[in-house]
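A.B. asks: My questions are about this predicted structure, shown below with the sequence.
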Amino acid sequence: MPSIELHIDNGVARITLNRPDTFNSFNREMALLLQKTFDECNANDQVRAIMLIGNGKAFCAGQDLKEVTSPELNPGFRKILEEHYNPIISRIRTIEKPIVAAVNGVAAGAGANIALACDIVVATEAASFIQAFSKIGLVPDSAGTFFLPRLIGFQKASALMMLGDKVSAKEAEQLGMIYKVFETEAFEEEVTKLVSKLSQMPTKALGLTKRLLNRSLINTLDEQLAIESDLQIESAESEDYAEGVNAFIEKRKPIFKGK
């Protein structure tokens, strides 16, 4: 059974973390296969939106501790970070297609931070988020210290990381950590609807928006205004912009092709 499953349909790539017996925790094979799957989705012009979800009761429990506590399996923390998690986060942020984390259960440690690096995070009512690192004497990784303070503020992020408190999906929504919570029974339908909507939108403009948001994390105001101008001009040259304007004038629904 592959640790990562990929299903592509109608412009949507559904990537499933598929180690349910370990709550979809990462080992080396799964981490490398996820990177490869992201690359496939990035290169495939038919893919216009990506959904990341877990199989079973959990989204992702982070690192498989069996791997790091077994001498014959342990690749070492440097290799785990530099070859597993850091490249995953880089791909999530640099693929210029919307990526939705569909958090269907617990998201702990690196699993939580991988979710928070995605463009849009939705969760079931039963889901939870845990910065579990301090509970075993580690520091947060997978860009958690980069994104979480920006999402919910320095003080809240500091407390959650140091105390290792479990945050319910509803609390996460109230904190601004995630976009929306769906009822568990309706979760699959609502997520599918959301990702399908993204797949029919102007993909190029969404990708450029993602690039702008990335740059906003480090740019000065003047630098951000300059890149907004450049990318607005680029988006105005797209086929989707022409279609959007024509559809508006003709009072019809636009048919975007992602170009």
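C.D. replies: All right, it came through fine.
A.B. asks: drop to CA atoms for contacts and neighbour counts, all remaining ones
C.D. replies: OK.
A.B. asks: Which parts of the stretch 1-150 of the chain are strands?
C.D. replies: 4-9, 12-17, 49-54, 58-60, 99-103, 106-108, 120-124, 128-130 (DSSP state E, counting those that start in this stretch).
A.B. asks: Could you identify which of those is most buried?
C.D. replies: Across the strands of the stretch 1-150 of the chain, averaging neighbours per residue (mean count of other C-alpha atoms under 10 Å) puts strand 58-60 on top, at a mean of 31.
A.B. asks: which residues are in contact with that one?
C.D. replies: The contact list for strand 58-60, computed with C-alpha atoms under 8 Å, 6 or more residues apart in numbering, reads 17, 20, 23-26, 53-54, 102-108, 111-112, 127.
A.B. asks: And for residue 3, nearest residue in space, chain neighbours not counted?
C.D. replies: In space, residue 3 comes closest to residue 18 once its chain neighbours are excluded; the distance is 4.6 Å by C-alpha to C-alpha, 6 or more residues apart in numbering.
A.B. asks: Can you add mean pLDDT and distance to residue 244 and give the strands of the stretch 1-150 of the chain back as TSV?
C.D. replies: Listed next are the strands of the stretch 1-150 of the chain as TSV, based on pLDDT from 0 to 100; distance: least, C-alpha to C-alpha, whole Å:
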stretch	mean pLDDT	distance to residue 244
strand 4-9	97	24
strand 12-17	98	21
strand 49-54	98	19
strand 58-60	98	36
strand 99-103	98	23
strand 106-108	97	38
strand 120-124	98	23
strand 128-130	98	38
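A.B. asks: Nearest to residue 204 among these would be which one?
C.D. replies: Smallest distance to residue 204 across these (C-alpha to C-alpha): 11.3 Å, for strand 49-54.
A.B. asks: Name every strand pairing with that closest one and say which way it goes.
C.D. replies: strand 12-17 (parallel), strand 99-103 (parallel) (DSSP bridges).
A.B. asks: Can I get that strand in CSV, CA atoms only?
C.D. replies: Provided in CSV are the C-alpha atoms of strand 49-54 (Å, rounded to 0.1, in the frame of the first residue of the first chain):
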residue,chain,number,x,y,z
ALA,A,49,-5.9,23.0,-7.4
ILE,A,50,-4.4,20.6,-4.9
MET,A,51,-6.0,19.1,-1.8
LEU,A,52,-4.0,17.4,1.0
ILE,A,53,-5.9,15.1,3.3
GLY,A,54,-5.2,12.2,5.7
